[in-house]
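**Q** sequence unknown, structure follows:
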């Protein structure tokens, strides 16, 4: 029998630790653990940030780290772009429709046909990374066609015109020309590859089919069939090749009708993957390749769920919120400081009670170290803070009402009085540190709102540049010379904002608009990498988004909808946390839940080899 060296052409290495540069399937002996080890290839779907707009029968293009979706049902003209972690808003289609199919890249996309409610469409649109423009119309109205290739060298395959179609046409970026017909008329098929080396698989022929066909640039020929007949997949590898393809989900002819099954093609064989979609669905957007794909949207029911497929030698753990230890009180209108392993939760209003007048410390496991707030501010209700667990400046409102201009400092043990602020307001936002702090916005009363910015140097307060939009209940993050002010609220009439402003140390300038109008949110991070968490839109939400210095994109959601809660403004995104706050429902409507965020990680997939 052949041994490992004869099979692999390698000897089993004798190492004191697992190596970092091994190839999949390589075997070594770890002398420290006394075990035989190997590195494995894994396949897995993982949930990531959902679409901004839930929809099905939408189009998709691009890759897992630069994806594109557009249109869909309910009829929409919206486009969204994916950056590898979240969705942001792109240019609108000229024609809102469903059932169109796309190909190409995020900066050079192509969509063909679709359905507008009364008729199949001949509309062709091209995307340049910002906006859609008209391409040369398709010769006949069609929906659910297979389209593959790039914007200037594409081929269509089938679709539904007045019936299931076998028509195929090529596009060179300016004109459509006829190509040989398919062997099997179909619509709603998966596709992968290019204009000269293409592959379609599955689809609807009146029922689901498993048949596949190859295209060499001149002829369609029957290929190897899939294991399961399926149509209208949740994802297929539009950016893949004809020898490396993927199909996930869709509707088959059996029970259940809508499946989670994933099949991969290696040029020879279709294989049912051990990885399955977490949510069975059909009519999603196919994006990516056979080793790095994306399934976005679909139905039933109509959803914005997005999942990533990865085939790699590493185990990928998606970014997510996880439950932390509950906060000592169920309160709203809290302030917070510090990262998730060294956090400070301050003040707040419990249900039906006066403000607590207390602060608590969190080490990532336990809330402890109750401290009474400083004397000149007493109870501290609607307040803001910035800094760390051992060096915090808290801007609090006075017991008994206005003026709302007092402040306190925390040294990790006790609170002491700080100099009063020159402006009287509450429900503002904070950023920075104890000795270089920044507070901005807020309210002087329920109907007056301010654009004031105040700098704090550890002793004195000075005026900074004014916000462009006066508002309260803003999300604040960053440092005093590079801060971010996001969302907010004014009244009457009750108005929430999607405004983002960036501070450079002297003046505020406009940043990218948020994905929704939100107030009572909290933000953590820097001006170029910030996480906006929950808030009120006006209903309490779990939705989160992430800012890259230019635009906001969706991010994994919190588990508990909430607003006006505690969080650390200067904590890095990977150290973000949130505790307490208002949550939906009748009284009592305060929560004490804590959630902590972790960013996506990747680690080598090592396996100990045993004889069992």
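**A** All right, it came through fine. Every value quoted in this text rests on a predicted model; they were computed, and no experiment measured them. Residues are numbered from 1 along each chain as shown.
**Q** output the below-cut-off pLDDT ranges for this protein.
**A** For the chain, the stretches with pLDDT under 70 are 1-10, 20-25, 38-40, 313-316, 375-382, 397-400, 604-607, 611-612.
**Q** per-domain residue ranges of it.
**A** Domain assignment of the chain by automatic domain parsing yields the ranges 4-39, 44-316, 323-601.
**Q** quick one: residue 185 from residue 18, how far?
**A** Between residue 185 and residue 18 the computed distance is 53 Å (Cβ to Cβ, to the nearest Å). Bear in mind the C-beta positions are built from the backbone N, C-alpha and C, glycine included.
**Q** looking at the domains of the chain, which is closest to residue 610?
**A** Of all the domains of the chain, it is domain 4-39 that lies closest to residue 610, at 8.1 Å by Cβ to Cβ.
**Q** so who does the closest residue to residue 93 other than its chain neighbours touch?
**A** Of all residues not flanking residue 93 in the chain, residue 77 sits nearest, at 4.2 Å (Cβ to Cβ, 6 or more residues apart in numbering). Residue 77 sits next to 71, 92, 93, 94, 95, 96 when contact means Cβ atoms under 8 Å, 6 or more residues apart in numbering.
**Q** farthest-separated two in those residues?
**A** Farthest pair in the contacts of residue 77, by Cβ to Cβ: 71 and 94, 10.8 Å.
**Q** of those two, which one has the most company?
**A** Counted by other Cβ atoms under 10 Å, residue 71 and residue 94 do not tie: residue 71 has more neighbours, with 29 against 13.
**Q** export the domains of the chain to TSV and tack on distance to residue 608?
**A** Output for those, formatted as TSV (distance: least, Cβ to Cβ, whole Å):
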stretch	distance to residue 608
domain 4-39	5
domain 44-316	15
domain 323-601	21
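**Q** of the ones you listed, give the one that comes closest to residue 609.
**A** Taking the domains of the chain one by one with Cβ to Cβ, domain 4-39 is closest: 4.3 Å.
**Q** could you check how many residues crowd around residue 533?
**A** For residue 533, the neighbour count with other Cβ under 10 Å is 29.
**Q** quick check, it in a strand?
**A** Yes. The assignment for residue 533, made by DSSP: H, G, I helix; E, B strand; the rest coil, places it in a strand.
**Q** that one contacts residue 577, correct?
**A** No. Look at residue 533 against residue 577 with Cβ atoms under 8 Å: they stay out of range, at 9.0 Å.
**Q** what touches both of these two?
**A** Residues touching both residue 533 and residue 577 by Cβ under 8 Å, 6+ apart: 524, 567, 597.
**Q** so how far is stretch 354-367 off the chain centroid?
**A** The chain centroid and the centroid of stretch 354-367 are separated by 30 Å under Cα atoms, centre = their mean, to the nearest Å.
**Q** now the end-to-end length of that stretch.
**A** Start and end residues of stretch 354-367 are separated by 21 Å (Cα to Cα, to the nearest Å).
**Q** and the closest residue to residue 65 other than its chain neighbours, helix, strand or coil?
**A** For residue 65, ignoring the flanking residues on the chain, the nearest one in space by Cβ to Cβ, 6+ apart is residue 84 at 3.8 Å. Taken by three-state DSSP, the conformation at residue 84 corresponds to coil.
**Q** which residues touch residue 84?
**A** If you count contacts by Cβ under 8 Å, 6+ apart, residue 84 has them with 64, 65, 66.
**Q** if you count neighbours, what's buried in the helix or strand where residue 444 lies?
**A** Here residue 444 sits within strand 443-445, counting by DSSP states H and E. For strand 443-445, a neighbour-count test (16 or more other Cβ atoms under 10 Å) marks 443, 444 as buried.
**Q** how about residue 533, what does it touch?
**A** 475, 521, 522, 523, 524, 544, 558, 567, 576, 578, 597 are the contacts of residue 533 under Cβ under 8 Å, 6+ apart.
**Q** what about the strand holding residue 444, distance to the chain center?
**A** Its chain's C-alpha centre and that of strand 443-445 lie 35 Å apart, by Cα atoms, centre = their mean.
**Q** check which helices and strands it sits against.
**A** Counting contacts by 3 or more Cβ pairs under 8 Å, 6 or more residues apart in numbering; DSSP states H and E, strand 443-445 is packed against no other helix or strand.
**Q** contacts for the helix or strand just after that strand next, please.
**A** Per DSSP H and E, the first helix or strand lying C-terminal to strand 443-445 is strand 448-449. For strand 448-449, contacts defined as Cβ under 8 Å, 6+ apart pick out 441, 442, 443, 470, 471, 472, 490.
**Q** of all pairs in those residues, which one is the farthest apart?
**A** With Cβ to Cβ as the measure, no two of the contacts of strand 448-449 lie farther apart than 442 and 490, at 11.1 Å.
**Q** more neighbours: these two, which one.
**A** residue 442 (29 against 20).
**Q** okay, that one and residue 129: tell me how far apart.
**A** Distance, residue 442 to residue 129, using Cβ to Cβ: 38 Å.
**Q** check residue 113 too.
**A** To residue 129, residue 113 is 22 Å away according to Cβ to Cβ.
**Q** what's the answer for residue 566, then?
**A** In this view, residue 566 and residue 129 are 39 Å apart by Cβ to Cβ.
**Q** just residue 551 next, same as before
**A** For residue 551, the distance to residue 129 - Cβ to Cβ - is 12 Å.
**Q** out of these two, which sits in the more crowded spot?
**A** The residue with more neighbours, out of residue 551 and residue 129, is residue 551; 20 against 14, by other Cβ under 10 Å.
**Q** right, and the more buried one touches residue 512 too?
**A** Yes. The criterion here is Cβ under 8 Å, and residue 551 meets it with residue 512 at 4.3 Å.
**Q** that older thread, out of the shared contacts of residue 533 and residue 577, who's nearest residue 321?
**A** residue 597 (5.3 Å).
**Q** which element is the closest one on?
**A** Assigned by DSSP H and E, residue 597 falls in strand 594-598.
**Q** could you do residue 33 as well?
**A** Following DSSP H and E, there is no helix or strand that holds residue 33.
**Q** i'd like the first residue to be 33 from this point on
**A** Taking 33 as the first residue, the last one we looked at is residue 65.
**Q** neighbours around it, how many?
**A** 12.
**Q** then residue 599?
**A** Residue 599 has 32 neighbouring residues, counting by other Cβ under 10 Å.
**Q** quick check: it vs residue 609, distance?
**A** Distance from residue 599 to residue 609, counting by Cβ to Cβ: 6 Å.
**Q** go on, residue 245?
**A** 52 Å.
**Q** cool, residue 161 as well?
**A** According to Cβ to Cβ, residue 161 and residue 609 sit 35 Å apart.
**Q** also residue 377?
**A** For residue 377, the distance to residue 609 - Cβ to Cβ - is 9 Å.
**Q** that concludes my questions; thank you for your assistance.
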